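> Pasted the sequence and its predicted model underneath.
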Amino acid sequence: MYRRQLLSDEKILIPDALLETFEAYEKAGFEIYLVGGGVRNILVNKAPENCDLTTNATPEQSLEVLKDFEPFYNNDFGTVSFNVIVNGKEELYEVTTYRSEKEYSDYRRPDNVTWGKTLEEDIVRRDFTINAMVIGKKNQKIKTEKKQNIEWELLDLVGGMEDFEKGIIRAVGEPEQRFREDALRMMRAIRFAARMGFAIEMETLRAIKTCADLLTEISKERVREEFVKILTTNYPADGVKLLLSTKLIDYFLPELLEGRETEQGGHHEWTVLEHSLQSLANCPSPNPLVRLTALTHDIGKPRSQRFKCRRCGKMYKGLSGELFKCEKCGFEQKIQGMITFYGHEVIGARMIKEIMERLRFSRKETEKVETLVRWHMFNYQPSMTDSSIRRLIRNVGKENISDLVLLRISDRKGSGSTTTSWRFLELQKRIGEQLFEPMEINDMVVNGKDVMEILKVAPGPIIGKVLKELFEEVLEDTSKNQREYLLKQIERYK
């Protein structure tokens, strides 16, 4: 066992709720240790949050020990949960009984769970060495009256401290066995690497590549959750690169691979896939949906690419580098030069809708990303009218317009351009000026009731027709959104 003596409690950040949990188990005669992310937080001088703990107490015994915390127990894996307040914020603490596991026929959950007696039994079945370190009170049988006199120690059975200091993600024990027990651990390894800027140890990385096809055994919902978590890390593009190199992405987002060999030309320095990764790396938004859009905004390009016959100009579909013979003039040639991607935003919007539905994103999430992909190609010119700006806002939705601007920044930087330009700054200014102008039919100062009263008609299609035509007039010139003027316009339909 590798041991590391930690500083006294004065030097490390232990929330009162965590200390009270330790004391409750100690008083009842049980072992209790902090494990996982809470340990890593302490090692970098941060307070642990939403703590995970492990104990030799059975779930039933934990429910008794924690009775003053109003605990609840709702699974088959020995976890008792309870809520605490830390610095005015509610956190969830989870205490799991030492356990050993056998047989994982679904590559996700153990078929049999046996409560363990020792910390060692529990540690060796965990996923990664940096998650297998624990922190406990030194000599837990000795009761301490004053918090500031408590000494804590870190216990490490698997070399997690060394891996943590070197910045390495390593599976506990045999990597393939860990991944065959729970195939989602492969994506978790990448998430930890992308979150902390760590490297994945070679044998662990090799095992991920070997076991990648096991991801098909995991529900789409769980895969989606891990993918979204990867997108929210500090290094999301590096995470996606690992998903690509291990071929995990082949099993849930294969469409992204179509851009690997698709050259763009023009001002673009990279292939579609490289540009997509650069856009994600430079996305200024922390929102995972905006980051997903940055990664997939050009996903329709490979399926929309067209090129011209160099002799007669006839347009064809095809991939750069392919040989073909023009049907019109008979000229044999290799596809090269400028390739166009007309309508790729429309094709991409359809594709991302299918992808997100396949991964079980919510309808609202899907509609947001689909909308951003569909309208990311807006082309601003200073000569554009205010009504054109309003139509852009209306197409995207007020709730999405800020994210569209952030997506454009991602796209620009992902193409090797600067963050902004005078033209882009002017567009943002004009969007801000139009945000509070009428954007929807309901923003007009007249409504369906006015139409029915003036035209003396009952509810029916004519109401919507009149309002829609009036709104087109208002959208073109918002100064016409005056009640007296619009009431007179309604009278024209008599």
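All right, it came through fine. Just so it is clear, the structure is predicted and the values come from calculations on it, not from any experiment. Numbering: from 1, shown residues only.

> dump the residue contacts of the nearest residue to G159 once chain neighbours are set aside.
Residue nearest to G159 in three dimensions, not counting chain neighbours: T129, with 5.6 Å by Cβ to Cβ, 6 or more residues apart in numbering. Where you see a C-beta, it was placed from the backbone N, CA and C, and this is true even at glycine. Applying Cβ atoms under 8 Å, 6 or more residues apart in numbering to T129 gives the contacts V158, G159, G160, D163, F164, R170, A171, V172.

> Neighbours of the second one, how many?
It refers to G159. Applying other Cβ atoms under 10 Å, we find 17 residues neighbouring G159.

> Backbone dihedrals for it, please?
phi 80, psi 20 (degrees, to the nearest 10).

> Ok, the first one next?
With angles defined as degrees, to the nearest 10, V158 sits at phi -130, psi 20.

> Tell me who's in contact with it.
Shown in contact with V158 (Cβ under 8 Å, 6+ apart): I123, V124, T129, A132, V172, G173.

> Just put the residues you listed in TSV and tack on distance to R350 and secondary structure.
Formatted as TSV, these follow (distance: Cβ to Cβ, whole Å; DSSP: H, G, I helix; E, B strand; the rest coil):
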residue	distance to R350	secondary structure
I123	49	helix
V124	48	coil
T129	44	helix
A132	45	coil
V172	43	coil
G173	45	coil
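
> If any of those residues are buried, put those into a PyMOL selection.
PyMOL command restricting those to the buried ones, with burial defined by 16 or more other Cβ atoms under 10 Å:
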select buried, resi 123+129+132+172
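
> Can I get the contacts of V158 in a markdown table including pLDDT and distance to T262?
Listed next are these as a markdown table, based on pLDDT from 0 to 100; distance: Cβ to Cβ, whole Å:
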| residue | pLDDT | distance to T262 |
| --- | --- | --- |
| I123 | 91 | 47 |
| V124 | 88 | 46 |
| T129 | 96 | 40 |
| A132 | 94 | 43 |
| V172 | 95 | 40 |
| G173 | 93 | 41 |
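
> Quick check on the residue lying closest to E269 once chain neighbours are set aside: phi, psi?
In this structure, E269 finds its nearest non-sequential neighbour in G416, 4.8 Å apart by Cβ to Cβ, 6+ apart. Main-chain torsions, G416, degrees, to the nearest 10: phi 90, psi 10.

> quick one on the thing from earlier: how much space between the residue nearest to G159 and T96?
18 Å (Cβ to Cβ, to the nearest Å).

> do R390 as well
As defined by Cβ to Cβ, R390 lies at a distance of 55 Å from T96.

> Could you do L157 as well?
According to Cβ to Cβ, L157 and T96 sit 17 Å apart.

> How about the secondary structure of the spatially most central residue of the chain?
Centroid check for the chain by Cα atoms, centre = their mean gives V228 as the closest residue, at 2.6 Å. When classified by DSSP: H, G, I helix; E, B strand; the rest coil, V228 comes out as helix.

> Identify the residues contacting it.
Applying Cβ under 8 Å, 6+ apart to V228 gives the contacts P288, L292.

> How confident was the prediction at it?
You'll see V228 listed with a pLDDT of 98.

> Go ahead and confirm V84 touches E90.
Yes. With contact defined as Cβ atoms under 8 Å, V84 reaches E90; the gap is 7.4 Å.

> who has more neighbours, those two?
It is V84, of V84 and E90, that has more neighbours when counted by other Cβ under 10 Å, with 18 against 9.

> quick one, phi/psi of that one?
Note on V84: backbone dihedrals following degrees, to the nearest 10 are phi -130, psi 160.

> One more: L487?
phi -60, psi -40.

> How many neighbouring residues does it have?
Counted with other Cβ under 10 Å, the neighbours of L487 add up to 15.

> distance of it from N395?
As for L487, its distance to N395 is 29 Å (criterion: Cβ to Cβ).

> so which strand or helix has R390?
Assessed by DSSP states H and E, R390 sits inside helix 386-396.

> How about S387, nearest residue that isn't a chain neighbour?
Distance criterion Cβ to Cβ, 6+ apart; nearest residue to S387, sequence neighbours excluded, is E476 at 4.6 Å.

> for the stretch 101-250 of the chain, which spans come out with low pLDDT?
For the stretch 101-250 of the chain, the stretches with pLDDT under 70 are 101-113, 139-149.

> how about the helices in it?
Here the stretch 101-250 of the chain has its helices, by DSSP state H, counting those that start in this stretch, at 119-123, 160-166, 175-181, 185-196, 202-211, 220-231, 236-245.

> quick one, which of those is packed in tightest?
helix 185-196 (a mean of 23; mean count of other Cβ atoms under 10 Å).

> Could I get the contacting residues of F82?
L66, F69, E70, P71, F72, L92, Y93, V95.

> meant to ask about V80, not that
P59, S62, L63, L66, P71, F72, Y73, E94, V95, T96.

> Which other helices and strands does the one helix or strand the third one maps to contact?
For L63, the host element (DSSP H and E) is helix 59-65. Here helix 59-65 is seen to pack against strand 72-73, strand 79-86, strand 89-97 when contacts are counted using 3 or more Cβ pairs under 8 Å, 6 or more residues apart in numbering; DSSP states H and E.

> low pLDDT regions in the stretch 251-400 of the chain?
Scanning the stretch 251-400 of the chain for pLDDT under 70 picks out 264-268, 310, 315-322, 335-339.

> hey, where'd the strands end up in it?
Per DSSP state E, counting those that start in this stretch, the stretch 251-400 of the chain carries strands over the ranges 306-308, 315-317, 323-325, 332-334.

> Would you confirm that P48 contacts L19?
No. Contact criterion Cβ under 8 Å: P48 and L19 do not qualify, at 11.2 Å.

> Domain boundaries for this structure, per the record?
According to automatic domain parsing, the chain is divided into the following domains: 2-166, 173-252, 259-302+342-434, 306-334, 441-491.

> if I look at N481, how far off is S388?
Taken as Cβ to Cβ, the span from N481 to S388 is 18 Å.

> more neighbours, those two?
The residue with more neighbours, out of N481 and S388, is N481; 19 against 16, by other Cβ under 10 Å.

> how far away is the nearest residue to the more buried one once chain neighbours are set aside from I454?
Leaving out its chain neighbours, the residue that sits closest to N481 by Cβ to Cβ, 6+ apart is V474, at 4.8 Å. In this view, V474 and I454 are 17 Å apart by Cβ to Cβ.

> Comparing those two, which shows the higher neighbour count?
V474 (25 against 17).

> just how off-centre is the helix or strand harbouring the more buried one within its chain?
Assigned by DSSP H and E, V474 belongs to helix 461-476. On the basis of Cα atoms, centre = their mean, to the nearest Å, helix 461-476 sits 40 Å off its chain's mean C-alpha point.

> ditto for stretch 480-494
48 Å.

> repeat for stretch 30-42
The answer for stretch 30-42 is 26 Å, by Cα atoms, centre = their mean.

> No further queries at this time; thank you.
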